[in-house]
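Enquirer: next comes the sequence, and after it the predicted model I'd like to discuss.
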Amino acid sequence: MALDADVFGQLLDTVGRFVDERLKPAEAQVDADDAVPEDIVKDMKELGLFGLTIPEDYGGLGLTVSEEADVAIVLGRTSPAFRSVFGTNVGIGSQGIVIDGTEEQKRRYLPGMASGDIIGCFCLTEPDSGSDAAALRTTALPSGNGYVLNGTKRYITNAPRANLFTVMARTDPDTPGAGGISAFVVDADSPGIRLGKAEKKMGQKGAHVCDVIFEDCPVPGDALIGGVEGQGFKTAMKVLDRGRLHIAAVCVGVARRLIDDALAYAMERKQFGRPIADFQLIQAMLADSETECAAAEALVRDAARRKDAGEPVVKRAAMSKYFASEMVGRVADRAVQIHGGAGYIAEYSVERFYRDVRLFRIYEGTSQIQQLIIAREMLKEAQA
Ligand code: COS
């Protein structure tokens, strides 16, 4: 349900102030330390950021997809690592339970996720199964009243801090592909769970990923999401549809920040006796970035509005993620170019953002997977 317009307006203002006054000044330190300070995490909890999309009945704010996009655009104006702290609780780490969980699973986990006391993450990717998610090999074989998990999940965002994993695993090894996959909620302190080493990444320093290894890890029968076997792949895809819209909105916010920084630099920096913003080749780069950012924003907002109206948005979510993530890559590249030599120097935030945005074209489905989904949906529509 949508929030009252005034209440939502206040939320957006508060988040905007938090971004400008609290997060932006800490960006360089977070990048240098590869850690988001705990006092900032505490403030995020107090602001309710962990519970943005969790329904109000379970202690969250229950934002609509359009409202979530608005907030994500504002949050995009600072380092993506900050969003990552609560991003899995807002998106892929909670939505499996929100969308397909039993009432008992919702009551048990969502209030803690909304408050930030439980950090959730999403375990789909494996060493040999990335884009081909239905090829995953982790097994959840029946044992007593429950299951035993075995397998390795790779590059799991927030795993080092997680209390709860949504795990896609094969309950029916004889059924290849999507049909044999089920989804589970697994407490991180269950026996038989080991974390891999923290990976060193190109960017988004302060956001952490590692492997999650399940070795004869017992889970109770009521850990099966929705209580039905064989639905796990579909749960994962539904989660990703919403997640991809969220990431697209973040890309719009980051692009807006990069455009603002590039414009400010171009107006300040003088060459040939004039601000470089006076030169048409610089103006062309600014104009392209501004236009592409506005186009991505329109695409994301339209898809979000349609999703709130109950329309299927598989194609539009993929289009939004594809266009917005590629767009912010181009915008970051131009922002570095406008900064010239300074753009390659770590003191300027465009250097950091250039590295940070590279991930948007990869996670929650690569650009190539989005293209494939878009074209498949087009063919389905044409054949209907
Ligand atoms: N919502 C609901 N159901 C969906 C769906 C969606 N968005 N997408 C697919 N499904 C259903 C299909 O309808 C099909 O159901 P039936 O068997 O009942 O017909 C089932 O799921 C299998 O779908 P499909 O045949 O399309 O699966 P594919 O193996 O061909 O793969 C892609 C689909 C490539 C789209 C999928 O594997 C994918 O998104 N890969 C990228 C994974 C990813 O984003 N990883 C990032 C890591 S997580 S941060």
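Expert: Okay, I see it. Every value quoted in this text rests on a predicted model; they were computed, and no experiment measured them.
Enquirer: C-alpha only now, for contacts and for neighbours.
Expert: OK.
Enquirer: what does the stretch 51-200 of the chain put close to the ligand?
Expert: 124-125, 130-134, 178 (Cα under 6 Å from any ligand atom).
Enquirer: could you redo the last one with a cut-off of 8 Å?
Expert: The stretch 51-200 of the chain comes close to the ligand at residues 92, 122-125, 130-135, 156-157, 177-179, as judged by Cα under 8 Å from any ligand atom.
Enquirer: and if you look at the stretch 201-350 of the chain?
Expert: So the stretch 201-350 of the chain meets the ligand at 233-238, 240-241, 314 (Cα under 8 Å from any ligand atom).
Enquirer: hmm, back to that, got a winner among the residues of the stretch 51-200 of the chain next to the ligand for most neighbours?
Expert: When neighbours are counted by other Cα atoms under 10 Å, F122 leads these with 27 neighbours.
Enquirer: helix, strand, or coil at F184?
Expert: Judged by DSSP: H, G, I helix; E, B strand; the rest coil, the three-state class of F184 is strand.
Enquirer: show me what contacts the closest residue to it other than its chain neighbours?
Expert: Nearest non-adjacent residue to F184, counting by Cα to Cα, 6 or more residues apart in numbering: L224, 4.5 Å away. Taking Cα atoms under 8 Å, 6 or more residues apart in numbering, we find L224 in contact with 182-185.
Enquirer: looking at those, which is nearest the ligand?
Expert: Using Cα to the nearest ligand atom, S182 comes nearest to the ligand of the contacts of L224, at 11.8 Å.
Enquirer: how about the residue nearest to that closest one when sequence neighbours are not counted, what does it touch?
Expert: Of all residues not flanking S182 in the chain, G232 sits nearest, at 3.7 Å (Cα to Cα, 6+ apart). Listed by Cα under 8 Å, 6+ apart, the contact set of G232 reads 168-169, 178, 181-184, 225.
Enquirer: show the backbone phi and psi for G232.
Expert: Taking degrees, to the nearest 10, you get phi -60, psi -40 for the backbone angles of G232.
Enquirer: could I have the buried ones of the residues of the stretch 201-350 of the chain next to the ligand as PyMOL selection syntax?
Expert: Buried members of these can be picked out in PyMOL with the line below, counting by 16 or more other Cα atoms under 10 Å:
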select buried, resi 233+234+235+236+238+240+241+314
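Enquirer: what count of nearby residues applies to Q231?
Expert: For Q231, the tally of surrounding residues (other Cα under 10 Å) stands at 20.
Enquirer: got a list of what I282 touches?
Expert: By Cα under 8 Å, 6+ apart, the contact set of I282 is 266, 276, 338.
Enquirer: so which of those are in helices?
Expert: Secondary structure from DSSP state H places 266, 338 of those in helices.
Enquirer: most neighbours, which of the contacts of I282?
Expert: I338 (25 neighbours).
Enquirer: which residue ranges of the stretch 201-350 of the chain form helices?
Expert: 232-268, 280-308, 314-339, 349-356 (DSSP state H, counting those that start in this stretch).
Enquirer: the helix or strand following the shortest one vs the ligand: in contact?
Expert: Past helix 349-356, heading to the C-terminal end, the next element that is a helix or strand (DSSP states H and E) is helix 367-383. Yes - Helix 367-383 comes into contact with the ligand (Cα under 8 Å from any ligand atom), by way of 369-370, 372-373.
Enquirer: buried only: go through these for me.
Expert: Buried members of the residues of helix 367-383 next to the ligand, counted by 16+ other Cα under 10 Å: 369-370, 373.
Enquirer: about what we covered before: would you list the helices of the stretch 201-350 of the chain in a markdown table and tack on mean pLDDT?
Expert: Converted to a markdown table, these look like this (pLDDT from 0 to 100):
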| stretch | mean pLDDT |
| --- | --- |
| helix 232-268 | 98 |
| helix 280-308 | 98 |
| helix 314-339 | 98 |
| helix 349-356 | 97 |
